[in-house]
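Student: coords below, sequence missing:
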């Protein structure tokens with residue numbers, strides 16, 4: 001497997017005299033194992049950013065949110081999370097089908113901490129975890145290649161005001177987003193979309 005750094009990284013490390021520091025950080029902090037601290041951090045997270053790229057290497061970044069615990073650490077090398085109904089574009093997940101290499105950035109804004117997890121993703125509509133996520137379309141599993149904390153000094157401190165009411169939960173019916181009620185999308189909604197009956 002190639003390392004975390006490539007010639008682009010190395011050229012900038014050499015330009016700014018950080019190659020030794022970069023090597024020390026790689027040696028001390030970057031692993032392919034999710035340790036107990038990493039597990040606790042991931043499993044209490046209610047959001048992360050997902051970076052993907054298509055078959056030509058064009059990048060995309062998306063936000064994924066849920067209730068704390070929506071991302072599971074399956075084992076020391078693997079995490080899993082559900083894909084819920086979205087806008088139907090499937091840009092990120094379509095990218096995964098073409099290029100499984102992904103990067104996840106977990107951020108705790110209240111405690112100003114973050115962690116990166118890079119790895120290879122797969123999608124499964126029959127994953128054993130499907131029953132544990134109401135309204136999940138499929139489960140995404142990511143096999144970790146690199147897991148490491150990331151310098152938190154530029155993280156702005158935020159407080160949670162309210163969790164999204166659109167996260168599927170067994171205790172209540174998931175509301176229909178207003179944008180799906182518009183006339184401009186009424187004729188193209190999927191056959192079984194709840195927005196059809198909500199109109």
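Tutor: Perfect, I can see it now. Just so it is clear, the structure is predicted and the values come from calculations on it, not from any experiment.

Student: From now on I want contacts and neighbour counts done on CA atoms only, so please keep to that.
Tutor: Will do.

Student: Check the average confidence over the host helix or strand of residue 185, would you?
Tutor: With secondary structure defined by DSSP states H and E, residue 185 is part of helix 183-186. Helix 183-186 shows a mean pLDDT of 94.

Student: so the residue nearest to the spatial centre of the chain bridges to which residues?
Tutor: Centroid check for the chain by Cα atoms, centre = their mean gives residue 50 as the closest residue, at 3.9 Å. Beta-bridge pairing of residue 50 under DSSP bridges involves residue 62, residue 104.

Student: mind checking pLDDT for it?
Tutor: Reported pLDDT for residue 50: 98.

Student: And the biggest helix by length in the chain, what's buried?
Tutor: Across the chain, the longest stretch assigned as helix under DSSP state H is helix 19-29. Within helix 19-29, the residues scored as buried using 16 or more other Cα atoms under 10 Å are 19, 22, 26.

Student: What are the boundaries of the strands in the protein?
Tutor: Counting by DSSP state E, one finds strands in the chain at the ranges 47-53, 59-65, 72-75, 78-83, 101-108, 113-124, 138-150.

Student: Using CSV, lay out those together with distance to residue 178.
Tutor: CSV is the format used below for those (distance: least, Cα to Cα, whole Å):
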stretch, distance to residue 178
strand 47-53, 22
strand 59-65, 19
strand 72-75, 30
strand 78-83, 20
strand 101-108, 28
strand 113-124, 28
strand 138-150, 24
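
Student: Identify each buried residue in stretch 72-83, please.
Tutor: With burial defined by 16+ other Cα under 10 Å, the residues of stretch 72-83 counted as buried are 72, 73, 74, 77, 78, 79, 80, 81, 82, 83.

Student: Next, the distance between the ends of that stretch.
Tutor: Its start and end residues considered, stretch 72-83 measures 13 Å (Cα to Cα, to the nearest Å).

Student: Stretch 168-179 too?
Tutor: In stretch 168-179, first residue to last residue: 18 Å (Cα to Cα).

Student: That one: how far from the chain's middle?
Tutor: Remark: stretch 168-179 is offset 21 Å from the chain centroid, using Cα atoms, centre = their mean, to the nearest Å.
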